[in-house]
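**Student:** Predicted coordinates and the sequence they were generated for:
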Amino acid sequence: MCVAGVVGLAAGGAFSAQASPESLPALTPAALLADVQSAQAPGFSGTIVAQMSLGLPDLPGLAGGPGQASVTALLSGSHSMRIWYDGPERQRVALLGTTNETDLFHSGRDLWQWDSDGHVATHSVLPAASHEAPTKAPELTPQQLAERAIAAINPSTQVSVAGNRQVADRSAYELVLTPRDSATRVGSVRIAIDGSTKMPLGVQVYPRGSKAAAIDVSFSHVTFKRPSADNFRFTPPPGATVHEGMPGKPDAPNTRAPGHPTPRTPTPQPAATAPTTIGSGWTAIIEFRSSQAQIDKATGPMLQRLKAVHGAWGSGRLLTSALVSVLVTDDGRVFAGAVDPSALYAAATAHK
Amino acid sequence: MSRADVEPDAHRSETLPAPALPAQAAPRLGGRARFLRSELLMVFRRRRNLALLVVLGAVPILIAVAVKASGHSARGDSIFGGITDNGLFAALAAFLVVMPLFLPLGVAVIAGDAVSGEANTGTLRYLLTVPVSRTRLLAVKFGGILVWCAASVAVVAACGVIVGAILFPSGELTLLSGRTVSYAAGGYRLLLVAGYVALSLAMVGALGLFVSTMTEVPVAAMAATLTLTIVSEVLDAVPQLSALHPWLPTHYWLQWVDLLRDPMATAAVGHGLLVSSAYVLIFLSLAWARFSGKDVTS
């Protein structure tokens, strides 16, 4: 009986003993990539688990509370979301918090965002030309992450197909992208691609020299069947606060629930510039300038907790993690990239 | 059988299946049922245990009255905020409140007392003189604990539903996904939630039964059971131990929230049930291993 209990525990502990993956026919990276690009699942539904262990310090405003499902909270910890996909016209994404839920319903030109905290429904009508949901959440689906990673492939990257892997109980190819440039902190990007539908099932980003993924966005369960139309329908429930507008657009009225104050970006001041990219490929560094007042307003108290650094380029604060480094100089320049801090210092010196 | 002298509210003396009785020819099941009945009477007639049920029942009433008195201010939270829209949420909010401490406390008291209580009052050896196997005795004890789990959960749910229906509307229920279902469908989901909570508590019951076989001091068994449960909850709250979390018996305790989504998310709930049952099996086997070979001296 005890043995049965232990076995049951092993099965229940989310580490279910996996059957050895059935072997898939060997494919070259190029053939696999081509298959991925032509793959178009007519519809699917499933659960995606995003695990973020970027090693960022615990900063206020960065991580939502343990029970909060909001888009900004996705930057750290483990998050589950359910997704229903029925072509480009109809999607639904549900971010599952411990005791709450944030939903995005997209059907035709209608886009609804639902926050169970506060019972707030935000409706927007998408422009006829683009039916793309203007929200950040769906960009975290393995499909979109994989497309981005694949777009970045150029001579800077070594591409290979590793052994088969089991993802969401399906046999999957594993496409491994290894940066050739050792200056980047990215060790490898591993994309799991479903053996039969060739749809990306998961993306993992490993920092250099680390055996644990810093970013792991993978399906834990997936069904390749068109979800029923009922899944995409949404009518605000009685008693809900309904807003009309575009969620996430700076000119929209603040439609966030009171529980999630969004740091509102003040109107751009003359000192602020659009982000520029220094370098290219894996070692690209993003630079933008903003006025001191802006930085203080958005991240003041949080900045004080970071390590103070100084050098020939001036002085500022540095945030490092296994995967990314961010340098905020005292004169309001921000440099960020998947590189060592020394590369940021060099960029700061060169771009005074 | 001098138990009545030791403890006035004990009823075992009347109902124990004694071999000398003419009932010997009666089917075994009847004897077993009587054994369980006497155990249940002992549990549910103790004033301390009834007081525990009253405290549990008071929680949803307190929550509902507080929300009603404060007007409509609980909007920020999904489940507490739902109370003003639908009374069923009073029961659900109460589960959220009693799950971490009150419910396990009640179960720890009953389960910790199960064997060590009898040993402490000196009735255990009398129990063992009747020709009832120790395995069966343990099974009946655990049966009593399971009924207690179900009863304490039912008290919370029933008080929540009743006070919710009196103070708040009882029409359509808005699920966490922003969709509405009928009151009856909402009640069905509450029933599922209650069942899930009761099964999660069975883990505490099995743990308590195991600890109870190791001591003759009931308070020690109760405290140890509750402490171990809370240690698991504390470990679950430390993000650095996330690799350990899926193995913790309390990790999936709030997973019943998934039953309030539309459509219901059942994968994690299934995991939770599996983990709970696995721990129940482990602790029951440990209790059995410990108790069947135990040298009972009191």
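**Tutor:** Yep, it's here. Residues are numbered from 1 along each chain as shown, chains lettered A, B, ... in the order given.

**Student:** Could you use CA atoms for every contact and neighbour count after this?
**Tutor:** Will do.

**Student:** residue ranges of the strands in the stretch 51-200 of chain B, please?
**Tutor:** Along the stretch 51-200 of chain B, the stretches classed as strands by DSSP state E, counting those that start in this stretch are B:173-174, B:180-181.

**Student:** what bridges to residue A:178?
**Tutor:** residue A:158 (DSSP bridges).

**Student:** try residue A:285
**Tutor:** residue A:278, residue A:337.

**Student:** Quick check: it touching residue A:335?
**Tutor:** Yes - Residue A:285 is within contact range of residue A:335, at 6.4 Å (criterion: Cα atoms under 8 Å).

**Student:** I'd say residue B:86 and residue B:166 touch.
**Tutor:** No - using Cα under 8 Å, residue B:86 is not in contact with residue B:166, being 10.6 Å away.

**Student:** which residues sit against stretch B:290-298?
**Tutor:** B:119, B:120, B:122, B:123, B:124, B:125, B:134, B:135, B:210, B:213, B:214 (Cα atoms under 8 Å, 6 or more residues apart in numbering or on different chains).

**Student:** By neighbour count, which of these wins?
**Tutor:** Neighbour counts for the contacts of stretch B:290-298 (other Cα atoms under 10 Å in any protein chain shown) peak at residue B:210, which has 28 neighbours.

**Student:** Measure how buried residue B:57 is and give me the count.
**Tutor:** The burial count for residue B:57: 22, using other Cα under 10 Å.

**Student:** contacting residues around the residue nearest to it when sequence neighbours are not counted?
**Tutor:** What sits nearest to residue B:57 in space, not counting adjacent residues and going by Cα to Cα, 6 or more residues apart in numbering or on different chains, is residue B:156, at 5.0 Å. When contacts are counted by Cα under 8 Å, 6+ apart, residue B:156 touches B:56, B:57, B:59, B:60, B:91, B:94, B:95.

**Student:** Which of the contacts of stretch B:290-298 scores worst on pLDDT?
**Tutor:** Within the contacts of stretch B:290-298, residue B:125 has the lowest pLDDT, namely 82.

**Student:** any idea which helix or strand comes after the worst-scoring helix or strand of chain A on mean pLDDT?
**Tutor:** Least confident helix or strand, chain A: helix A:2-12 with a mean of 56, by mean pLDDT, DSSP states H and E. Moving toward the C-terminus from helix A:2-12, the next helix or strand (DSSP states H and E) is helix A:29-38.

**Student:** so what secondary structure elements neighbour that following helix?
**Tutor:** Secondary-structure packing of helix A:29-38 (3 or more Cα pairs under 8 Å, 6 or more residues apart in numbering or on different chains; DSSP states H and E): strand A:157-167.

**Student:** buried residues in the strand it packs on?
**Tutor:** A:157, A:159, A:160, A:161, A:164, A:165, A:166, A:167 (16 or more other Cα atoms under 10 Å in any protein chain shown).

**Student:** Mind listing residues that contact it?
**Tutor:** A:18, A:21, A:23-24, A:27-29, A:171-180, A:192, A:201-202, A:218-220.

**Student:** CA-only coordinates of it in PDB, if you can.
**Tutor:** Taking Å, rounded to 0.1, in the frame of the first residue of the first chain, the C-alpha atoms of strand A:157-167 are listed here in PDB:
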ATOM      1  CA  THR A 157      23.700  31.000 -34.700                       C
ATOM      2  CA  GLN A 158      24.400  27.300 -34.900                       C
ATOM      3  CA  VAL A 159      21.200  25.400 -35.500                       C
ATOM      4  CA  SER A 160      20.800  21.700 -34.800                       C
ATOM      5  CA  VAL A 161      18.200  19.100 -34.000                       C
ATOM      6  CA  ALA A 162      18.700  17.400 -30.700                       C
ATOM      7  CA  GLY A 163      17.100  14.100 -29.600                       C
ATOM      8  CA  ASN A 164      13.400  13.800 -29.300                       C
ATOM      9  CA  ARG A 165      11.600  15.200 -26.200                       C
ATOM     10  CA  GLN A 166       8.200  14.700 -24.700                       C
ATOM     11  CA  VAL A 167       6.200  17.900 -24.400                       C
END
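
**Student:** what is the orientation angle of that strand with helix A:29-38?
**Tutor:** Counting by axes from the mean of the first three to the mean of the last three Cα atoms, to 10 degrees, strand A:157-167 lies at 70 degrees to helix A:29-38.

**Student:** Look up how far chain B lies from residue A:202.
**Tutor:** According to Cα to the nearest Cα, to the nearest Å, residue A:202 and chain B sit 18 Å apart.

**Student:** That residue sits in which helix or strand?
**Tutor:** Taking DSSP H and E as the criterion, residue A:202 maps to strand A:200-207.

**Student:** Relative to that strand, what are the paired strands and their orientations?
**Tutor:** As defined by DSSP bridges, the strand partners of strand A:200-207 come to strand A:186-194 (antiparallel), strand A:215-223 (antiparallel).

**Student:** Which residues does the first one contact?
**Tutor:** Going back to what we said before, that points to strand A:186-194. For strand A:186-194, contacts defined as Cα under 8 Å, 6+ apart pick out A:36, A:146, A:149, A:165, A:167, A:170-179, A:199-210, A:282, A:323, A:338-339.

**Student:** May I have it as PDB, with CA atoms only?
**Tutor:** The C-alpha coordinates for strand A:186-194 follow below in PDB (Å, rounded to 0.1, in the frame of the first residue of the first chain):
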ATOM      1  CA  VAL A 186      22.300  33.300 -23.900                       C
ATOM      2  CA  GLY A 187      23.600  29.700 -23.800                       C
ATOM      3  CA  SER A 188      21.000  28.100 -26.000                       C
ATOM      4  CA  VAL A 189      17.400  28.400 -27.100                       C
ATOM      5  CA  ARG A 190      15.600  25.100 -27.400                       C
ATOM      6  CA  ILE A 191      12.400  24.900 -29.300                       C
ATOM      7  CA  ALA A 192      10.200  21.800 -29.000                       C
ATOM      8  CA  ILE A 193       8.400  21.100 -32.200                       C
ATOM      9  CA  ASP A 194       5.500  18.700 -32.300                       C
END
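
**Student:** Get me the contact residues on chain B for chain A.
**Tutor:** B:75-79, B:81, B:85, B:174, B:176-180, B:239, B:246-247, B:254-255, B:257, B:271-272, B:274-275, B:277-286 (Cα under 8 Å from any Cα of the partner chain).

**Student:** I'd like the average pLDDT over the strand holding residue A:202.
**Tutor:** 92.

**Student:** hey, where'd the helices end up in the chain?
**Tutor:** No chain in the question, so chain A it is. Under the criterion DSSP state H, chain A contains helices at A:2-12, A:29-38, A:142-151, A:292-303, A:341-350.

**Student:** Actually, chain B is the one I wanted.
**Tutor:** Counting by DSSP H, chain B has helices at residues B:3-6, B:12-15, B:28-45, B:47-69, B:78-81, B:88-98, B:102-121, B:124-129, B:134-167, B:183-212, B:218-236, B:267-292.
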